[in-house]
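>>> Would you be able to build a 3D model of this:
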Amino acid sequence: MASANDISSLVASGSVASIFANHVYYWGDRHRDRFIGAERAARIDPTRDAQDSGLHFGMHSDCPITPMDALATFRTSATRLTSGGSVLGEEQRLDQQAALHALTADSAYLTHDETHLGTLAAGMDADLTILDQDIVGLAIEQSQNVSAVATVVGGDFVFNRGGF
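The predicted structure is shown next:
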């Protein structure tokens, strides 16, 4: 529930953040209804404020606390939907491009791996997942139907359902 001032302080100090975006989905309703109220719960994992302030942040699943499912984390950060179907902190939603950036380029930045991971460019490690649909161009409600067709690690296919 970092405040805008907290996030500004992180940026000013050169800090970065790893945000548990799945928190909103799995425990948002409970925090809102039982522990901290609607106003404070809306600030759980304030990804939009982090993005708007220029803070480098990645997102994680806290596995095994929640499943390691980057697409679910992507959806939660873009919709802010709780498991009960409520939107928690609508103003903290990320657009799909920002969510993808946090899961890829900024996550690599957090671990000082941005020179060889996190983006597709010549000379970068070829660690990537090929999806059956464009998650950035797809309506977020339809992203539940997206699945991986191939995974490449170090330039080698380790999973290939797509016949590449």
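>>> so which helix or strand takes in the closest residue to residue 58 other than its chain neighbours?
Distance criterion CB to CB, 6 or more residues apart in numbering; nearest residue to residue 58, sequence neighbours excluded, is residue 107 at 3.4 Å. C-beta: built from backbone N, CA, C; applies to glycine. If you go by DSSP states H and E, residue 107 is part of helix 105-110.
>>> for that helix, which positions count as buried?
When burial is assessed from 16 or more other CB atoms under 10 Å, helix 105-110 yields the following buried residues: 105, 106, 107, 108, 109, 110.
>>> Please apply the same query to stretch 93-109.
Of all the residues in stretch 93-109, those buried under the rule 16+ other CB under 10 Å are 93-94, 96, 98-109.
>>> The next helix or strand after the helix holding residue 107: how far from the chain's middle?
Tracing the chain C-terminally past helix 105-110 and defining elements by DSSP H and E, one meets strand 128-131 next. Strand 128-131 has its C-alpha centroid displaced from the chain centroid by 16 Å (CA atoms, centre = their mean, to the nearest Å).
>>> could you point out which element follows strand 128-131?
Stepping forward along the backbone from strand 128-131, the first helix or strand reached (DSSP H and E) is strand 148-153.
>>> Strand partners (parallel or antiparallel) of that following strand?
Strand 148-153 sits in its sheet next to strand 128-131 (antiparallel), strand 156-160 (antiparallel), going by DSSP bridges.
>>> which of those strands is buried the deepest?
Across the strands paired with strand 148-153, the average number of neighbours (mean count of other CB atoms under 10 Å) peaks for strand 128-131, which reaches a mean of 15.
>>> one step back: dump the helix holding residue 107 to CSV, restricted to CA.
Written as CSV, here are the backbone C-alpha positions of helix 105-110 (Å, rounded to 0.1, in the frame of the first residue of the first chain):
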residue,chain,number,x,y,z
ALA,A,105,12.3,-5.8,-19.4
ASP,A,106,11.9,-4.3,-15.9
SER,A,107,12.1,-7.7,-14.2
ALA,A,108,15.4,-8.2,-16.0
TYR,A,109,16.5,-4.7,-14.8
LEU,A,110,15.7,-5.6,-11.2
